[in-house]
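Q: Take a look and give me a structure for this.
(one chain, ligands or ions: 1)
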Amino acid sequence: MSKFKIVAKTFAGLENILAGEVRALGGESVVVERRAVSFFGDQELMYKANFHLRTALKILKPIAEFEVAKRDELYDRAKKIPWTNYLALGKSFALDSTVQSEMFVNTMYASLKVKDAIVDHFREATGKRPSVNPEDPDIRINVYLMGNHCILSLDSSGESLHKRGYRVGQGDAPVNEVLAAGMIMLTGWHGERDFLDPMCGSGTLLIEAAMIARGIPPGMYRKSFGFEQWPDFNEKLFAEIYNGEYEKEFNGKIVGSDISVKDISIAKANIRNASLSKVIDLQVQDIITLSPPFSNGIIVTNPPYGERMKPQSIAELYTAVGNTLKNRFAGFEAWIISSSLDGLKSIGLKPARKIDLFNGALACSYRCYELFQGTHKQSVIIKKRVV
Ligand SMILES: C[S@@+](CC[C@H](N)C(=O)[O-])C[C@H]1O[C@@H](n2cnc3c(N)ncnc32)[C@H](O)[C@@H]1O
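A: As a prediction, this is how the structure comes out:
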């Protein structure tokens, strides 16, 4: 099978984790870019990337890369691309664009020019025009224009890969599934220790943890991928990937708790839908009075950031979280993400690591606290981090 360039997009801060996933899958000439990883591979690797990469949002296949000296050139260059190879008549398409260029102050204008070029190419080649469907297209085309540099790609994922397909409900502030997987992978956890999210909301971190521990691919629950609509779709090859042997045994514990009865019932529904009810235990519980459900585990959690809470309540909550960790969770390693730096300070523990991440538009700090047994002076480090 011929090899081509593939670009996997992700969130800022997860690029190196994604590059590790890509290498493990067999990607060649892997390059870490800004919010993306590029690599070389064949059609099989592109299917696998969509099915197996936990920290990828999109898998793009660039089909043209060129410089645009003036505005009309975008249309001219785009019209020369053999679109009939990529898009069958009868299939609809839509464009998705990232544009930062003085030539196209109105970013919509750049996508419109590419859309016109595709339609006109079709009309001249076949006498017919393909339909545009921005809501639910068969084929998605990605326009990337940075200054004068343009890359046009086919989006092999379709809907963003964070839409795993297991979510049937969500709380007020669910963490994105790709960010949740990335947070867990940044800790280095693969199921070696028991796992706790004491502010689990709709259960995203618990489900992603269970999928990692059990080796369940993130694409397992999805109904479709963009490449299934491509004229060269190899159904047999994708069926082999889908039906591959990848699940592994996991006998540890994954436990979630939350103060909200409603959130726990949403988490329960999501977990049931992911067929993970036997792997994850849930309870309604205030973190302030929570006792460890096991010893020496890992905590990964996403507390409220105070976007809707008063600052003094946030300080109180984070202080209480810090006290709970110090007083009852010796031997654990706790990872907490928040955009509230004041809140994180109120925890009153010295982080062993700080990682910058974004939760949507919110700049966050993701912090690791190693909770020693005994007083700090006679501390016993439970686990040495291998980075
Ligand atoms: C940002 S949300 C977590 C979202 C979750 N990661 C998800 O994907 O759905 C924060 C959660 O903390 C919970 N929470 C707030 N105060 C709490 C407390 N004192 N004890 C336990 N949970 C609490 C809220 O009910 C909410 O579900």
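
Q: I'd like to know how many residues surround the residue in the stretch 101-250 of the chain that the ligand sits nearest to.
A: With CB to the nearest ligand atom, the shortest gap between the stretch 101-250 of the chain and the ligand falls at residue 201, namely 2.7 Å. Heads up, the C-betas are built off the backbone N, CA and C, glycines and all. Close neighbours of residue 201, defined as other CB atoms under 10 Å, add up to 27.

Q: Equivalent analysis for the one 4 residues further on, please.
A: When counting by other CB under 10 Å, one arrives at 30 neighbours for residue 205.

Q: Next up, phi/psi of it, please.
A: For residue 205, the backbone dihedrals (degrees, to the nearest 10) come out as phi -60, psi -40.

Q: OK, contacts around it?
A: Contact analysis of residue 205 by CB atoms under 8 Å, 6 or more residues apart in numbering lists 175, 180, 183-184, 197, 256, 300-302.

Q: What distance do you get for it to residue 196?
A: 10 Å (CB to CB, to the nearest Å).

Q: Doesn't the residue of the stretch 101-250 of the chain closest to the ligand belong to a helix?
A: No - per DSSP: H, G, I helix; E, B strand; the rest coil, residue 201 lies outside any helix segment and is coil.

Q: Okay, it and residue 85: tell me how far apart.
A: Where residue 85 is concerned, residue 201 sits at a distance of 45 Å (CB to CB).

Q: Kindly report the same for residue 152.
A: According to CB to CB, residue 152 and residue 85 sit 13 Å apart.

Q: If you count surrounding residues, which of these two has more?
A: Just comparing residue 152 and residue 85: by other CB under 10 Å the higher neighbour count belongs to residue 152, 26 against 11.

Q: re the thing from before, quick one: the contacts of residue 205 as CSV, columns for neighbour count and pLDDT too.
A: Formatted as CSV, these follow (neighbours: other CB atoms under 10 Å; pLDDT from 0 to 100):
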residue, neighbour count, pLDDT
175, 23, 97
180, 27, 98
183, 31, 98
184, 26, 98
197, 28, 98
256, 30, 98
300, 26, 98
301, 22, 98
302, 24, 97
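
Q: Next, give me the two most distant ones among these.
A: Farthest apart among those by CB to CB are 183 and 256. That separation is 14.5 Å.

Q: just the contacts of residue 205 that are near the ligand?
A: Among the contacts of residue 205, the ones lying near the ligand by CB under 6 Å from any ligand atom are 175, 302.

Q: Show me the contacts of residue 205 that map onto strands.
A: In this view, the contacts of residue 205 that belong to strands under DSSP state E are 197, 256, 300-301.

Q: Spell out which parts of the stretch 101-250 of the chain neighbour the ligand.
A: Close to the ligand, as judged by CB under 6 Å from any ligand atom, the stretch 101-250 of the chain has residues 171, 173-175, 198-202, 204-205.

Q: Go again with 8 Å.
A: By the rule CB under 8 Å from any ligand atom, the part of the stretch 101-250 of the chain lying against the ligand is 170-175, 180, 197-205.

Q: Pull up the gap between residue 55 and the ligand, please.
A: 16 Å (CB to the nearest ligand atom, to the nearest Å).

Q: ok, that residue - how many residues close by?
A: Neighbours around residue 55, by other CB under 10 Å: 31.

Q: for this structure, which spans come out with low pLDDT?
A: Scanning the chain for pLDDT under 70 picks out the ranges 308-311, 374-387.

Q: Many thanks, have a good one.
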